[in-house]
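Participant: attaching a predicted model along with its sequence, questions to come.
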Amino acid sequence: MPLLPPRQIQKWEQAGLHQGHDGPDESDSSTEAESSSPQLYHYLPDIKAISLESPTSSIFCLPDKVLGLIFVNTLDPLVRQWYFAPAVDRPPMVLTHVCKWWRRVAISLPMLWSFNAYLGLVHSQIALYRLFLNRGRGMAPLIITFDGSYSTELDAAQDLFFSHIHLWADVKISLGPSICCKLAVLHPGDALLLKKVHIDSNNTRVAQSDVYQLITFLALSPNLSALSWDRDIPTMFYSVQWQNVTRFSTATRLHTGECWALLSCFTQIEEIIFSNYVCSPIRMYTRSILVDKTLRSLSIRGSNPVEFLDTVTLTCLNALRLSAPDDIYSIQRLVERSGCTLRHLIVEGVVDDDRDLLGFLGLECFDSIHSLRFTQPGDFNDKTAGLLTWHRSGDSPTKLFPLLSVLEFEECHTTDGVFSRMILSRWRGSESELKCVRLTKGCLRNKPVDEACLSSLIKDDIQFVWKSAAW
C-alpha cells in the first residue's frame with residue numbers, strides 16, 4: 001500500500017483537514033494538497049492527457065444519485081477487509097481526481113468514506129484517516145483493529161479513533177495496557193453502532209480490573225450482537241447476563257462445565273462456536289440436563305463431544321458442526337431429546353471404519369438435512385461418495401440424505417467416475433432435491449469422466465460453484 005509522502009501530510013495538516021473543514025462543495029480545501037505532490041500524483045490518472053467526450057455523452061446525463069450508486073459499488077464487499085484501508089490509489093480517493101462533478105458527488109456521500117483502520121503499524125496514514133473521518137461527517141461506520149502495540153504516534157492515532165467511538169461498528173482488539181486503560185472508561189451508550197467485537201489472544205498481561213470494566217462495557221452495549229473472545233475467560237464473564245449477544249465464538253480451551261456456564265449466561269444466543277472443546281466428564285451426582293431454547297447453530301471442535309451432547313437439550317437447533325463423536329448415536333439422542341430438526345450439517349472428520357461410517361451418515365436425524373459439507377481434505381472419498389449414491393435397482397436398502405439440496409467439500413479424493421455417478425444417481429432434472437454442489441477449483445483435474453459429466457449437468461438446473469482453495 002503506498003503511503004502518503006511527508007510533504008503531502010504537511011499540506012493536508014496546513015489545509016485544516018484535521019480540524020474538520022472538509023466539506024462536499026467544490027471548494028474542498030484538500031484539492032490543492034492532493035494534487036501537488038509528485039509521489040501522490042503518480043498513482044492518479046493523468047487528467048490533463050485525457051480527452052473527455054462531448055457533454056452530450058450519456059455519462060454526463062447520469063443523475064448524481066445514479067453516479068453515487070456506481071461509486072458505492074466500487075467498494076466491493078466481497079474482497080478482504082484489508083483492501084478497505086484508506087489508500088490514495090484506490091476508490092474512493094481516485095474518484096475525486098477525475099473531474100469536479102465526480103469529486104463533488106464522491107465527497108457528498110458519507111457512506112463512501114467508511115474504512116478499515118489497522119492501528120498497529122506506525123506510519124503516516126494518520127492524515128489520510130483524518131481526511132476519511134471528516135468526509136464521513138459522522139455517518140460512516142468504522143472497522144478498526146487495535147493490535148495492542150504502544151508508541152507515542154500510535155497513542156495519538158488511538159485517541160483519534162476513540163474520539164469517534166460513536167462510529168465503531170466492527171472492532172478487533174488485542175488487549176494491552178494502553179488500550180485497556182482507554183476501554184475501561186467507556187460508557188455503553190457511547191458506541192451505539194457497535195455490533196461486532198473480537199477480543200484477540202495474546203500474551204500481554206493487563207490489569208484484571210480493566211478486563212472486568214471491558215466485560216461490563218460489552219455486556220451492556222445495546223446493539224452488540226456478535227462477540228468473539230480468544231483470551232482466557234475470567235470467572236466474572238460467566239456471572240454477567242449477555243442479553244443482546246446472539247453469536248459467540250471462542251478458541252479458548254473449555255471443559256464441559258464451562259461450556260454449560262457460557263450457554264447459561266447468553267440469554268438470546270442463536271449461534272455458538274467452541275473451537276477448542278476439552279472433554280471432561282461431569283460427575284454423576286452433579287450431572288443434569290441443560291435446556292436452551294434459543295440456540296439454532298452449534299459448532300463444537302476439539303476432543304470427543306459426546307459428554308456435552310448428552311447433557312444438553314437444544315430445542316431450536318437446526319445447524320450442527322462437529323467431527324464424528326466416538327458414540328455416533330449421541331447425536332441421535334440429542335435430537336430426539338430436544339425435539340429439534342436438523343437442516344444443516346458440517347462434518348469435521350468422518351470415522352474410518354466402514355460400518356461406523358454407514359451408521360454415522362445413516363443416522364435417522366440426518367434425513368432432514370438440506371445442506372451437507374465436508375471440511376477435511378480426505379473425507380470425501382470413494383467410501384463416502386458410495387454411501388451417498390442412490391441405487392435405483394434396490395441394491396441399497398436406504399437412500400441417505402433424501403432432502404439434500406446443497407453438497408460442499410474441500411477436495412474430491414475419489415476414483416474417476418465415482419463422483420459423477422453419485423451426482424447422477426441423485427439427479428432427477430428440475431424436480432431433483434439436489435440443486436447446488438460447491439467444490440474447490442481443480443479438485444476434478446485429471447478426471448475426464450467426472451469433468452465430462454459436470455459439463456453436461458451445468459446446462460441443466462443444477463448449479464456448480466467453484467471455490468478458491470482458501471475458502
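Facilitator: In hand now; what should we look at?

Participant: how about residues contacting the helix of greatest length in the chain?
Facilitator: Longest helix in the chain, counting residues (DSSP state H): helix 208-220. Contacts to helix 208-220, defined as Cβ atoms under 8 Å, 6 or more residues apart in numbering, come from residues 175, 180-181, 183-188, 197, 199, 224, 227, 234, 236-237, 240-243. In short, each C-beta sits where N, CA and C put it, glycine included.

Participant: strands of the stretch 201-350 of the chain, start to end?
Facilitator: 226-229, 247-250, 271-277, 290-292, 297-302, 312-314, 319-322, 344-347 (DSSP state E, counting those that start in this stretch).

Participant: want to throw the ones you listed into a markdown table with mean pLDDT, mean neighbour count and distance to residue 385?
Facilitator: A markdown table is the format used below for the strands of the stretch 201-350 of the chain (pLDDT from 0 to 100; neighbours: other Cβ atoms under 10 Å; distance: least, Cβ to Cβ, whole Å):
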| stretch | mean pLDDT | mean neighbour count | distance to residue 385 |
| --- | --- | --- | --- |
| strand 226-229 | 95 | 18 | 35 |
| strand 247-250 | 96 | 19 | 31 |
| strand 271-277 | 95 | 19 | 28 |
| strand 290-292 | 87 | 16 | 35 |
| strand 297-302 | 94 | 20 | 24 |
| strand 312-314 | 94 | 20 | 31 |
| strand 319-322 | 95 | 20 | 21 |
| strand 344-347 | 94 | 20 | 14 |
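
Participant: looking at those strands, which is closest to residue 94?
Facilitator: Closest approach to residue 94 among those (Cβ to Cβ): strand 226-229, 32.4 Å.

Participant: for that closest one, packing partners?
Facilitator: In this structure, strand 226-229 packs against strand 196-200, strand 247-250, with contacts taken as 3 or more Cβ pairs under 8 Å, 6 or more residues apart in numbering; DSSP states H and E.

Participant: if we use 10 Å, what do you get?
Facilitator: Counting contacts by 3 or more Cβ pairs under 10 Å, 6 or more residues apart in numbering; DSSP states H and E, strand 226-229 packs against strand 196-200, helix 208-220, strand 247-250, strand 271-277.

Participant: and the first one, which residues are buried?
Facilitator: Judged by neighbour count (16 or more other Cβ atoms under 10 Å), strand 196-200 contains these buried residues: 196-200.

Participant: where does the stretch 251-400 of the chain dip in pLDDT?
Facilitator: Within the stretch 251-400 of the chain, the ranges that satisfy pLDDT under 70 run 281-288, 352-355, 392-398.

Participant: mind listing the helices for it?
Facilitator: With DSSP state H, counting those that start in this stretch as the criterion, the stretch 251-400 of the chain has helices at 256-265, 306-309, 329-338, 354-361, 382-388.

Participant: dump the ones you listed into JSON lines; add distance to residue 114 and mean neighbour count as well.
Facilitator: Compiled in JSON lines, the helices of the stretch 251-400 of the chain are given as follows (distance: least, Cβ to Cβ, whole Å; neighbours: other Cβ atoms under 10 Å):
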{"stretch": "helix 256-265", "distance to residue 114": "32", "mean neighbour count": "19"}
{"stretch": "helix 306-309", "distance to residue 114": "40", "mean neighbour count": "23"}
{"stretch": "helix 329-338", "distance to residue 114": "41", "mean neighbour count": "18"}
{"stretch": "helix 354-361", "distance to residue 114": "45", "mean neighbour count": "15"}
{"stretch": "helix 382-388", "distance to residue 114": "44", "mean neighbour count": "18"}
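
Participant: got the strands of the stretch 201-350 of the chain as CSV, with distance to residue 134 columns?
Facilitator: Conversion of these to CSV gives the following (distance: least, Cβ to Cβ, whole Å):
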stretch, distance to residue 134
strand 226-229, 29
strand 247-250, 33
strand 271-277, 37
strand 290-292, 46
strand 297-302, 40
strand 312-314, 48
strand 319-322, 43
strand 344-347, 44
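
Participant: and the closest residue to residue 337 other than its chain neighbours, what does it touch?
Facilitator: Excluding the flanking residues, the one nearest residue 337 by Cβ to Cβ, 6 or more residues apart in numbering is residue 313, at 5.4 Å. Residue 313 sits next to 289-293, 334, 337-340 when contact means Cβ atoms under 10 Å, 6 or more residues apart in numbering.

Participant: pull the most distant pair out of those.
Facilitator: Taking Cβ to Cβ, the two most distant members of those are 290 and 339; they sit 15.4 Å apart.

Participant: residue 172 belongs to a strand, doesn't it?
Facilitator: Yes: assessed with DSSP: H, G, I helix; E, B strand; the rest coil, residue 172 lies in a strand.

Participant: would you mind measuring from it to residue 227?
Facilitator: Note on residue 172: its distance to residue 227, by Cβ to Cβ, to the nearest Å, is 12 Å.

Participant: any common contacting residues for the two?
Facilitator: Applying Cβ under 10 Å, 6+ apart, one finds that residue 172 and residue 227 are jointly contacted by 196-199.

Participant: which one of the residues you listed is nearest residue 375?
Facilitator: Relative to residue 375, the closest of the shared contacts of residue 172 and residue 227 is residue 198; by Cβ to Cβ it sits at 21.5 Å.

Participant: separation between the closest one and residue 172?
Facilitator: Using Cβ to Cβ, we find residue 198 at a distance of 4 Å from residue 172.

Participant: residue 449 too?
Facilitator: The span separating residue 449 from residue 172 equals 46 Å under the rule Cβ to Cβ.

Participant: who has more neighbours, these two?
Facilitator: Set residue 449 next to residue 172 and count neighbours by other Cβ atoms under 10 Å: residue 172 wins out with 18 against 15.

Participant: show the pLDDT at the more buried one.
Facilitator: Predicted confidence (pLDDT) for residue 172: 90.

Participant: go on, residue 231?
Facilitator: Predicted confidence (pLDDT) for residue 231: 87.

Participant: ramachandran angles for it?
Facilitator: Note on residue 231: backbone dihedrals following degrees, to the nearest 10 are phi -90, psi 170.

Participant: that one and residue 250 touch, don't they?
Facilitator: Yes: Residue 231 lies in contact with residue 250 (Cβ atoms under 10 Å); the separation is 9.0 Å.

Participant: intersection of neighbour lists for the two?
Facilitator: Common contacts of residue 231 and residue 250 (Cβ under 10 Å, 6+ apart): 199, 201.

Participant: what is the burial count for residue 251?
Facilitator: Residues near residue 251, counting by other Cβ under 10 Å: 17.

Participant: please tell me how far it sits from residue 214.
Facilitator: To residue 214, residue 251 is 18 Å away according to Cβ to Cβ.

Participant: before we move on, what about residue 373?
Facilitator: For residue 373, the distance to residue 214 (Cβ to Cβ) stands at 35 Å.

Participant: please apply the same query to residue 449.
Facilitator: Between residue 449 and residue 214 the computed distance is 57 Å (Cβ to Cβ).
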